[in-house]
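>>> Let me see the structure of the following:
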Amino acid sequence: MLVPTPDIIAFIIFIALAFDFTNGFHDSANSISTVISTKVLSPQKAVAFAAFFNFIAAFGFGVAVASTISKIINLGYVDPVIVPYIILAALFGAIGWNLITWYSGLPTSSSHALIGALAGAGISAGGLAAIKMGTIDIVILFMVLSPIIGFIMAFFFMSCVLWISKGAQRMVAERHFRRLQLFSAAAYSFSHGTNDAQKTMGIITPLLFSIGYFGTTVDPNNLPVPIWVILAAHSAIALGTLTGGWRIVKTMGYNITRLRPVDGFAAETSGAATIIGASIAGIPVSTTHVISSSIMGVGATQGSGYVRWSVARRIVWAWVLTIPVSALMGYVFFTGIFQLVSLF
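Prediction:
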């Protein structure tokens, strides 16, 4: 068995940040599709705007989500020598699924891809005992609950906004909502950064633990996250957002429902509130699921005909497939990597 060298560890950290980059690249549509489709910002300004708030989220709501992710692998059960290879396999699996769904224009969850691939790689390494199923259960529960919460919040928030502004002149109201959408887009981009960047931190932290970075006195169930890991993760996701995932922007901003500035404001505000609440509670939710369902909830206030349910069904199927397919990919990647390193 090839014992991980510093070069191998550095390579895995690089791959983790590459995943974070693809997360930003894949999920940039979550932050920018509404402001682009409503023409509040140009595409170039929108990605820079979203990337800025992705980065400053590093100074927001702590690292509770990173702590949850770091607990998926049972570090007390798995041989520390193979932990880096589990993480590497998980990253390859998650990046692979991100690229497949990006090419297909599907707004799936980078978070669930990472969690699924990590679970699959861990099972390949040590069976079910290598995975803390309690953590996986929380992820699966909120995989179902978070889009429902986003839909309901967006539906009722949009209904309230329409009721409050029903007497306003259309042009005056639209001008105000275009301005308000800048604040809601900033809040959503901030919430996206604070939840999603932490997932990469939660991958790098147990990797550092496996090589003795924290010493021997640190509790593996309560690992600290170094400041350089926090800044690196937020920088990577911000750079990914700057590149923009234009295929998914089209699906999110144009294909689900027709958006006006008031719609974008309501969807982003509801989505941001849902994600920030989850981040404070340490729950790794899918920001993609939340904003997609929030857009559906906003569209539903105008009647079921305003939502293209055929597109919504296609998105939901991709959501359902993400964890099992990425888990299979993580399992296969670890099997291959383990066979390779066993030769040395």
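
>>> Surely Ser191 is in contact with Ser279?
Yes. Assessed by C-beta atoms under 8 Å, Ser191 is found in contact with Ser279 at 6.8 Å. From N, CA and C alone the C-beta is placed, and that goes for glycine too.

>>> out of everything not next to it in sequence, what's closest to Phe155?
Spatial nearest neighbour of Phe155, excluding adjacent residues (C-beta to C-beta, 6 or more residues apart in numbering): Gly297 at 4.0 Å.

>>> any idea how far the one you found is from Ser111?
20 Å (C-beta to C-beta, to the nearest Å).

>>> do Phe53 as well
Applying C-beta to C-beta, the value for Phe53 to Ser111 is 18 Å.

>>> So for these two, which sits in the more crowded spot?
Ser111 (26 against 22; other C-beta atoms under 10 Å).

>>> Mind giving me the packing neighbours of the strand or helix carrying that one?
Remark: Ser111 resides in helix 110-126, with elements defined by DSSP states H and E. If contacts are counted by 3 or more C-beta pairs under 8 Å, 6 or more residues apart in numbering; DSSP states H and E, helix 110-126 sits against helix 6-37, helix 64-69, helix 83-104, helix 133-164, helix 170-210, helix 287-300, helix 309-341.

>>> got a markdown table for those, with distance to His234 and mean neighbour count too?
Converted to a markdown table, the helices and strands packed on helix 110-126 look like this (distance: least, C-beta to C-beta, whole Å; neighbours: other C-beta atoms under 10 Å):
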| stretch | distance to His234 | mean neighbour count |
| --- | --- | --- |
| helix 6-37 | 9 | 24 |
| helix 64-69 | 11 | 22 |
| helix 83-104 | 18 | 23 |
| helix 133-164 | 22 | 18 |
| helix 170-210 | 5 | 23 |
| helix 287-300 | 14 | 29 |
| helix 309-341 | 23 | 19 |
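
>>> For Ala272, find the nearest of those.
helix 170-210 (4.0 Å; C-beta to C-beta).

>>> Show me the shaky parts of the stretch 151-300 of the chain.
Counting by pLDDT under 70, the ranges of the stretch 151-300 of the chain that qualify are 244-259.

>>> and with 80 instead?
Low-confidence segments of the stretch 151-300 of the chain (pLDDT under 80): 167-174, 216-217, 220-221, 243-260, 288.

>>> next one: stretch 127-141 to chain centre, how far?
Computed by C-alpha atoms, centre = their mean, to the nearest Å, the chain-centroid distance of stretch 127-141 equals 18 Å.

>>> okay, the helices and strands packed on helix 110-126 in a markdown table with distance to Gly127 next?
Shown next, in a markdown table, are the helices and strands packed on helix 110-126 (distance: least, C-beta to C-beta, whole Å):
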| stretch | distance to Gly127 |
| --- | --- |
| helix 6-37 | 23 |
| helix 64-69 | 21 |
| helix 83-104 | 12 |
| helix 133-164 | 12 |
| helix 170-210 | 18 |
| helix 287-300 | 29 |
| helix 309-341 | 11 |
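
>>> Nearest approach to Thr241 belongs to which of the ones you listed?
helix 6-37 (4.0 Å).

>>> measure stretch 102-113 end to end?
Stretch 102-113 has an end-to-end distance of 13 Å (criterion: C-alpha to C-alpha, to the nearest Å).

>>> try stretch 211-225
End-to-end for stretch 211-225, by C-alpha to C-alpha: 15 Å.

>>> That one: how far from the chain's middle?
That offset, for stretch 211-225, works out to 25 Å (C-alpha atoms, centre = their mean).

>>> who's in contact with it?
Contact with stretch 211-225 is made by 4, 9, 63, 66-67, 70-71, 75-76, 80, 84, 201, 205-206, 208-209, as judged by C-beta atoms under 8 Å, 6 or more residues apart in numbering.

>>> change it to 7 Å
For stretch 211-225, contacts defined as C-beta atoms under 7 Å, 6 or more residues apart in numbering pick out 4, 9, 63, 66, 70-71, 75-76, 201, 205-206, 208-209.

>>> and the gap between the closest residue to Thr287 other than its chain neighbours and Gly299?
In space, Thr287 comes closest to His192 once its chain neighbours are excluded; the distance is 4.7 Å by C-beta to C-beta, 6+ apart. Using C-beta to C-beta, His192 is found at 21 Å from Gly299.

>>> Phe59 too?
For Phe59, the distance to Gly299 - C-beta to C-beta - is 34 Å.

>>> residues near Ser342, how many?
Using other C-beta under 10 Å, Ser342 has 9 other residues around it.

>>> Check the gap between it and Ile15 for me.
For Ser342, the distance to Ile15 - C-beta to C-beta - is 20 Å.

>>> Met329 now?
For Met329 relative to Ile15 (C-beta to C-beta), the value is 14 Å.

>>> hang on, Leu41 in a helix?
No. Under DSSP: H, G, I helix; E, B strand; the rest coil, Leu41 sits outside any helix and is assigned coil.
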